[in-house]
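Student: Provided below for reference: sequence and predicted model.
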Amino acid sequence: AQSVTQLGSHVSVSEGALVLLRCNYSSSVPPYLFWYVQYPNQGLQLLLKYTSAATLVKGINGFEAEFKKSETSFHLTKPSAHMSDAAEYFCALGGGADGLTFGKGTHLIIQP
Amino acid sequence: IAGITQAPTSQILAAGRRMTLRCTQDMRHNAMYWYRQDLGLGLRLIHYSNTAGTTGKGEVPDGYSVSRANTDDFPLTLASAVPSQTSVYFCASSEAPRGRSNYGYTFGSGTRLTVV
């Protein structure tokens, strides 16, 4: 069975600081990995995805994520946080027969 | 703008009433999905459809039904609403069927449903 674990339901960083949102996965088949962002009262938007090409994936709004097979991780980073980055972030795992499996989400808080 | 349209945006519904949440996509995607989002529980799959004319049950299907008469529309019906169905409901779609999940999903903006 596939599973996704996002470490930390809430992460708080200062404006200008590094953002690091953690995602670990478990999969019996080669994984496809995604990060989605959800702004208040909106649907989920795709930030970036890993589909077995380059292990470092760049997405929108300055975010990137690195696929590390040995650590079964796909952590999301951004060098410098902006107030507009405050949102809910979801890691998702694909590649199996059951469609995408979503993590429970991490709420990113940006302190001024 | 191509995407998914959900209606209504929000609704307050009396318990026991029947309600249909509408979802329409204009991307000609094969697969469509209904999720509910609840605090602390993340997104949970209710029903899905890999192609027009077929549907399948997700993680939390009880109390909900769907139909897929054509490619574009995927309505979700609550036959007799209960307070535990208070949630935010999201419709999503993907180019490929559910089992080929190297494609990401496109999401609608959601319907906020309160059952009282």
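Tutor: Yes, it's here. Numbers count the residues shown, from 1 in each chain, chains lettered A, B, ... in the order given.
Student: quick check: the gap between whichever residue of chain A sits closest to chain B and residue A:51.
Tutor: Nearest to chain B, among the residues of chain A, is residue A:94, at 3.0 Å (C-beta to the nearest C-beta). The way it works is simple: take the backbone N, C-alpha and C, and place the C-beta from them, glycine included. Between residue A:94 and residue A:51 the computed distance is 9 Å (C-beta to C-beta, to the nearest Å).
Student: repeat that for residue B:9.
Tutor: Distance of residue B:9 to residue A:51, given as C-beta to C-beta: 33 Å.
Student: which one's more surrounded, these two?
Tutor: residue A:51 (17 against 10; other C-beta atoms under 10 Å in any protein chain shown).
Student: pLDDT score assigned to that one?
Tutor: As predicted, residue A:51 sits at a pLDDT of 84.
Student: then residue B:100?
Tutor: Note on residue B:100: pLDDT of 68.
Student: what's the answer for residue A:86, then?
Tutor: For residue A:86, the predicted pLDDT is 97.
Student: with the one 10 residues further on instead?
Tutor: Looking at residue A:96, its pLDDT reads 70.
Student: just to check, it is in contact with residue A:28?
Tutor: Yes. Counting by C-beta atoms under 8 Å, residue A:96 touches residue A:28, with 7.4 Å between them.
Student: so if I had to pick from those two, which one is more boxed in?
Tutor: Set residue A:96 next to residue A:28 and count neighbours by other C-beta under 10 Å: residue A:96 wins out with 19 against 9.
Student: where does pLDDT dip in chain B?
Tutor: B:1, B:99-101 (pLDDT under 70).
Student: which parts of it are strands?
Tutor: B:4-7, B:10-13, B:19-25, B:31-38, B:42-49, B:56-57, B:64-66, B:76-78, B:87-94, B:106-107, B:111-115 (DSSP state E).
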